[in-house]
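Q: Have a look; sequence and predicted model below, questions after that.
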Amino acid sequence: MNIYVLLKRTFDTEEKITLVNGKINEDGVEFIINPYDEYAVEEAIQVRDAQGGEVTVVTVANEFAEKQLRTALAMGADKAVLINIEEDVAYGDPFTTAKIISEYLKDKDADLIIAGNVAIDGGSGQVGPRVAELLNIPYITTITQLKIDGINVSVTRDVEGDAEIIETSLPLLVTAQQGLNEPRYPSLPGIMKARKKPFEELELDDLDIEEADVAAKTKTIEIFLPSKKEAGKVLSGDMSEQVKELVQLLRAEAKVI
């Protein structure tokens, strides 16, 4: 089975986000595989181990994303592809990423493509579905279980606290939700093997893509941190006094009654 995983390099979830001149400050920041993409990598490895085939991880980023791709190889993926857009596309968006990935995948005869449900930085959840649309294959988002029997597929997806079971067939794109699996940690032997696994680096010219064809469809107007929350008020006195004070505050300050 020919399996591809769409991977993104994101801030470590424990990093504190700061702004400098209206832009996110990346100096000294630790980057990781987008956590939802870790579920995608793990699921791809499990499917390959059960069905046979190979797993290729793909990202659209700059050269610094090599570390995250190597981590995916150490987890057990077979190949990695870095589509380096550092010199070509200054500011991308989900359209840019999906267009580039779909151009790369269009002649790869992918049986299964797995992406993370969302990226923890942008959170749009658009790249996976956009890729599927451009490749003209079906897709299912927020999956928590994947069963494959030949070309037949049964998928369980999360629908805001409930579950929906969908039956379809390959080729297929799915996006991984938390709970799909428990991603493994790279082992020392895995890290050593990752150094020798195929690692391909491409640029837009290699895909016959013009920069104008993948220009972003959206533009970031402003980036700002959420306003600080004011400290809450603690009511004192007996219950009747607290109720009176609460009603007065809701009317005079909160202006909700």
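A: Thanks, I have it.
Q: could you pull out the helices for the stretch 51-200 of the chain?
A: With helices called from DSSP state H, counting those that start in this stretch, the stretch 51-200 of the chain shows them at 66-75, 94-105, 127-135, 188-194.
Q: Surely Ala1 and Gln46 touch.
A: Not quite, residue 1 is Met, not Ala. No. Taking C-beta atoms under 8 Å as the definition, Met1 is not a contact partner of Gln46, at 11.6 Å. The C-beta positions use only the backbone N, C-alpha and C, and glycine is treated the same way.
Q: Nearest spatial neighbour of Thr18, chain-adjacent residues omitted?
A: Asn25 (4.6 Å; C-beta to C-beta, 6 or more residues apart in numbering).
Q: Touching, that neighbour and Lys16? I think so.
A: No. With contact defined as C-beta under 8 Å, Asn25 does not count as touching Lys16 (9.7 Å).
Q: Which residue of the two possesses the greater neighbour count?
A: Asn25 (12 against 8; other C-beta atoms under 10 Å).
Q: check contacts around that one.
A: Ile17, Thr18, Leu19 (C-beta atoms under 8 Å, 6 or more residues apart in numbering).
Q: where's the first one relative to Thr10, distance?
A: Counting by C-beta to C-beta, to the nearest Å, the gap between Ile17 and Thr10 amounts to 11 Å.
Q: Please say which of those two ends up with more neighbours.
A: Thr10 (20 against 12).
Q: that older thread, export the helices of the stretch 51-200 of the chain to CSV and tack on mean pLDDT, distance to Leu6 and mean neighbour count?
A: What follows is these, written out as CSV (pLDDT from 0 to 100; distance: least, C-beta to C-beta, whole Å; neighbours: other C-beta atoms under 10 Å):
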stretch, mean pLDDT, distance to Leu6, mean neighbour count
helix 66-75, 97, 11, 22
helix 94-105, 96, 6, 21
helix 127-135, 98, 6, 21
helix 188-194, 95, 19, 13
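Q: export the ones you listed to a markdown table and tack on distance to Gly237?
A: Below are the helices of the stretch 51-200 of the chain laid out as a markdown table (distance: least, C-beta to C-beta, whole Å):
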| stretch | distance to Gly237 |
| --- | --- |
| helix 66-75 | 56 |
| helix 94-105 | 53 |
| helix 127-135 | 55 |
| helix 188-194 | 62 |
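Q: So for Ala212, which of the ones you listed sits nearest?
A: helix 94-105 (11.3 Å; C-beta to C-beta).
Q: on contacts alone, who are the packing partners of that closest one?
A: Using 3 or more C-beta pairs under 8 Å, 6 or more residues apart in numbering; DSSP states H and E as the contact test, the elements touching helix 94-105 are strand 54-61, strand 79-84, helix 127-135.
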